[in-house]
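Novice: coords below, sequence missing:
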């Protein structure tokens, strides 16, 4: 297993009195891919959002490169551990402004040619850069959100159903891109309903059932 990047130790998430995630543990190495499958409502997306620090945990610990996430700067953690939801919101403005949002928040400017390369990398036409982000289809918004995350050069990616709104050709391209990113050292934790895509991604495979996370044989 590669050097540790993210470690989830017995994390529990509650919604009121209901346990949605029950003492889940996993370890994600740098350059590794981990996938989580499970039925709708099993808690897999909730776990991903908890790791992204978008939901509070009732118990357990999250560690990033050996440090308790609770002790870290959240903006810095969220830049390095990028979360791309299944239905990503777009910021007001153009596609280019959305892709460049992360660097802009840090006072940096992303050149137009870099934006174009990022769009091409996620299988979008660079000509979309000037379009209003709000006018995009669901699949286009998902890919813009991925390009927006990559603009921050994250250490880890948390992907929630990254191919669900895509046509087969675009989905295959995104799967190949995720594998390429992992080979270059990015850690990837992906929730997916597609056994085919989980198999193509490879790596360690988990299944979530009623909030309980269990490792299974490679897909």
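Specialist: Cool, the structure landed. None of the values given here were measured: they were computed from a predicted structure.
Novice: Flag the shaky bits of the protein, pLDDT-wise.
Specialist: 1-3, 217-219 (pLDDT under 70).
Novice: all helices of it, in order?
Specialist: Assigned by DSSP state H, the helices in the chain fall at 44-51, 74-80, 95-99, 101-105, 112-121, 138-150, 168-183, 195-201.
Novice: Out of those, indicate the one that is most buried.
Specialist: Using mean count of other CB atoms under 10 Å, the stretch among the helices of the chain with the largest mean neighbour count is helix 95-99, at a mean of 25. In this view, the C-beta of every residue, glycine as well, is placed from N, C-alpha and C.
Novice: Tell me, how many residues neighbour the closest residue to residue 117 other than its chain neighbours?
Specialist: In space, and not counting its chain neighbours, residue 117 is closest to residue 126: 7.9 Å by CB to CB, 6 or more residues apart in numbering. Residue 126: 16 surrounding residues under other CB atoms under 10 Å.
Novice: Spit out the contact partners of residue 126.
Specialist: Residues near residue 126 by CB atoms under 8 Å, 6 or more residues apart in numbering: 115-117, 119-120.
Novice: Can you tell me which of those residues is closest to residue 72?
Specialist: residue 115 (28.6 Å; CB to CB).
Novice: quick one on the thing from earlier: including distance to residue 209, could the helices of the chain go into CSV?
Specialist: Formatted as CSV, the helices of the chain follow (distance: least, CB to CB, whole Å):
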stretch, distance to residue 209
helix 44-51, 10
helix 74-80, 29
helix 95-99, 36
helix 101-105, 35
helix 112-121, 35
helix 138-150, 26
helix 168-183, 24
helix 195-201, 15
